[in-house]
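>>> Provide a 3D model corresponding to the input given below.
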Amino acid sequence: MLTTLQQQAWDLAATICDPEIPVLTIEDLGILREVTVAEGSVDGNRPDVCVTITPTYSGCPAMDAIRDDLRTAFSGGPFGSVEVKMVLAPAWTTDWMTKAGREKLEEYGIAPPTGMAALGKSGPIRLSIAVKCPQCQSLNTKELTRFGSTSCKALYSCQDCHEPFDYFKVH
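Numbering: from 1, shown residues only. Predicted coordinates:
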C-alpha cells in the first residue's frame, strides 16, 4: 500500500505523456514501474523521489525525453531531487498497457495490440491476426510494413475504407 506522499509522487509521474504518442501517459503504456519516496533528502526539507521506468524497446529514443519530462514535473514542487532509473528486466510487454491506454490508442487512430496476450489470456496463439481498422472497424486490413513511424508500430492499410493506420505491435 502506498503512503499519501508516495501516491502523490506516483500521480505526478503518471501525468507524463509519451513523446511519440502524446495521448498516452507513461502509466497508460505500462512503462512507469515504481515510484519511491526517500525518508531523508539532500536539501533537508523536501523528500527525494526515485522513478523507475522500463522502455518499450531497449533503444527507445523517447526515454531521454521522458526522463527530462519527469525531472521537470518534479522540480519546484513538494519533492526534492528526482532520480530516474531505467530498468530493462523484465522486458516491457504490451500486457502492461492499461485498458484505458488501449482505448486511447484506438481513439487516436492507432490500432491497439491484439491477440491473446493483449487480452491477458493464455493458451494457443493464432499465427495470423486480424488487425481492426481504427477508422471504420473493418477486419479487412493488410500489413504494409512491419516497422511504421516508430519501431513499436507497424503500418497497415484498410482494404475497405482505404485509410492507412499505425498498429501498436504486441510484445
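>>> Would you point out which residue is most central in this structure?
Note on the chain: the residue nearest the mean C-alpha position is Leu29, at 1.9 Å, using Cα atoms, centre = their mean.
>>> Kindly provide the distance from that residue to Thr93.
Counting by Cβ to Cβ, to the nearest Å, the gap from Leu29 to Thr93 is 11 Å. Every residue, glycine included, has its C-beta placed from N, CA and C.
>>> Repeat that for Pro19.
The gap separating Pro19 from Thr93 is 21 Å, by Cβ to Cβ.
>>> For the longest helix along the chain, enumerate the helices and strands it packs against.
Ranked by residue count under DSSP state H, the longest helix found in the chain is helix 62-74. Using 3 or more Cβ pairs under 8 Å, 6 or more residues apart in numbering; DSSP states H and E, the elements in contact with helix 62-74 are helix 4-13, strand 49-53, strand 82-86.
>>> domain parsing for this structure?
Following automatic domain parsing, the chain resolves into domains at 4-86, 94-168.
>>> Now tell me which of those domains the model trusts least on average.
Here the lowest mean pLDDT among those goes to domain 94-168, at a mean of 83.
>>> Next, count neighbours for Phe168.
The tally of other residues near Phe168 (other Cβ atoms under 10 Å) stands at 28.
>>> And Ala62, by the same measure?
Neighbours around Ala62, by other Cβ under 10 Å: 20.
>>> In contact with it, which residues are there?
Neighbouring residues of Ala62 by Cβ atoms under 8 Å, 6 or more residues apart in numbering: Asp18, Pro19, Glu20, Pro55.
>>> so which of those is the most crowded?
Counting neighbours by other Cβ under 10 Å, the top entry in the contacts of Ala62 is Asp18, with 22 neighbours.
>>> check contacts around the nearest residue to that residue once chain neighbours are set aside.
Setting aside the residues directly before and after it, Asp18 is nearest to Leu24 in space (Cβ to Cβ, 6 or more residues apart in numbering), at 4.7 Å. Going by Cβ under 8 Å, 6+ apart, Leu24 touches Cys17, Asp18, Gly101, Lys104, Leu105.
>>> just Trp92 next, same as before
Gly30, Ile31, Thr54, Pro55, Thr56, Tyr57, His171.
>>> and which of those is nearest to Cys152?
The closest of the contacts of Trp92 to Cys152 turns out to be Thr56 (Cβ to Cβ; 5.0 Å).
>>> is it true that the closest one touches Ile31?
Yes - between Thr56 and Ile31 there is a contact under Cβ atoms under 8 Å: 6.4 Å.
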